[in-house]
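Asker: Kindly generate the corresponding structure for this input.
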Amino acid sequence: MEQSRNVFLNSYFPNDLTNALQSQILLPVSLLIGFYISRISSLIAARILSWLLAIGGITAMHLYTIDQPAGFRMIAIIGITLFTMKTIVVCEVQQAKKIRLGFFQWIGFACFWVGMRPALFFKVPRSPRPDHLRFMRQGSRNIFIGLILIAVSRLTWDTTIIRYEPYKLFLVTCFLLPGISLTMHFGFFNLLTGVWRYLGADANMIFREPIKSRSLSEFWGKRWNLAFSEMTTLALYRPIRARWGTLPATLLAFLFSGLLHELAISLPVRSGYGLPLTYFAMHGAAMLVETQIPWIENAFSRKPVLGRIWTISWILLPLPILFHQPFLRQIVWPIIGIEL
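Answerer: Residues are numbered from 1 along each chain as shown. The predicted structure is shown next:
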């Protein structure tokens, strides 16, 4: 147990506390700068400054934490990416819908919510929405199930029945990744949804029963990580589609998603570059195939089971490209104390 705790701490706890604290100053500073950028009336100026804030903030966080453990770097880089992308999204939405968040509404949206629809926070706080407890119950249940799967992954590693290490690691990962996802994506995020609905925001689930997806379009656009799809739609897809059309906008949106996953997966471990981008490029191409070839789309409509097999196959089979070995070794497996 002591060794497992040390492995986790070595991956997620900073080895230089002073440097770590200095790097974390970037987070509130980016929030403050982002708020003032969102007040700029010129869309062109706001766009330029918000993208410069994102590029500069992520670069600075990478350089500040370059000697820190991979787990700590991942959390820090995801944090600065999320905060600065919120600025880009707010600038786009406020110009289009003529709304403007107050300072505390901006902090709530940018810092305490993972979604990308700032309009939900325009009149918060207000009367609670009646179904907020349902989301809290769902979140609590999923956290419980997720923690069980994480515990099973550790027991699988400790077992002496399976001696072939690669096979044992495969089984560990099959339990651990869903456990982490249930705990965070379907658990904590649902709890957060319930809290914001209690405060009156029309927040909803970010992950909406993705197992029911009958196409990649449905999976990425309507069910899996809607915060990501909202972000790419508002920050990239719509501006590009308005100028160059749907096809270039779709491809660039998937490449942009791949780039953001490079920041979250490859950059923290400083290895595996290009693999997450390849995963999303493949999915962008596959989604264009299913939407541009009429008989494929018709087949999925007539026989949903075919669409589900297609979708699940594209999600799971190339998954080792997305979650590559350096990421698993330095960030995922240390969560349960595995050091290789």
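
Asker: drop to CA atoms for contacts and neighbour counts, all remaining ones
Answerer: Will do.

Asker: Now do the contacts for Trp333.
Answerer: Thr173, Glu339 (CA atoms under 8 Å, 6 or more residues apart in numbering).

Asker: shaky segments in the stretch 101-250 of the chain?
Answerer: By pLDDT under 70, the stretch 101-250 of the chain has no low-scoring segment.

Asker: rerun at 80
Answerer: The model of the stretch 101-250 of the chain has pLDDT under 80 over residues 160, 234-235, 242, 246.

Asker: could you pull out the helices for it?
Answerer: 103-112, 132-158, 165-183, 189-198, 216-218, 226-232, 238-244, 246-261 (DSSP state H, counting those that start in this stretch).

Asker: any chance of those helices in CSV, plus mean neighbour count and distance to Ile312?
Answerer: Output for the helices of the stretch 101-250 of the chain, formatted as CSV (neighbours: other CA atoms under 10 Å; distance: least, CA to CA, whole Å):
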stretch, mean neighbour count, distance to Ile312
helix 103-112, 17, 31
helix 132-158, 19, 21
helix 165-183, 18, 14
helix 189-198, 24, 23
helix 216-218, 19, 9
helix 226-232, 20, 18
helix 238-244, 14, 28
helix 246-261, 20, 18
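
Asker: which stretch among the ones you listed comes nearest Gly79?
Answerer: Gly79 lies closest to helix 103-112 among these, at 9.0 Å (CA to CA).

Asker: which helices and strands does that closest one pack with?
Answerer: Here helix 103-112 touches helix 26-37, helix 70-97, going by 3 or more CA pairs under 8 Å, 6 or more residues apart in numbering; DSSP states H and E.

Asker: List the buried residues for the first one?
Answerer: Meaning helix 26-37. Leu26, Leu27, Ser30, Leu31, Gly34, Phe35, Ile37 (16 or more other CA atoms under 10 Å).

Asker: Check stretch 312-329 too.
Answerer: Of the residues in stretch 312-329, Ile312, Trp314, Ile321, Leu322, Phe323, His324, Pro326, Phe327, Leu328, Arg329 count as buried by neighbour count, 16+ other CA under 10 Å.

Asker: thinking again about what came up before, nearest to Leu275 among the helices and strands packed on helix 103-112 would be which one?
Answerer: It is, among the helices and strands packed on helix 103-112 and with distance given as CA to CA, helix 70-97, at 16.6 Å.
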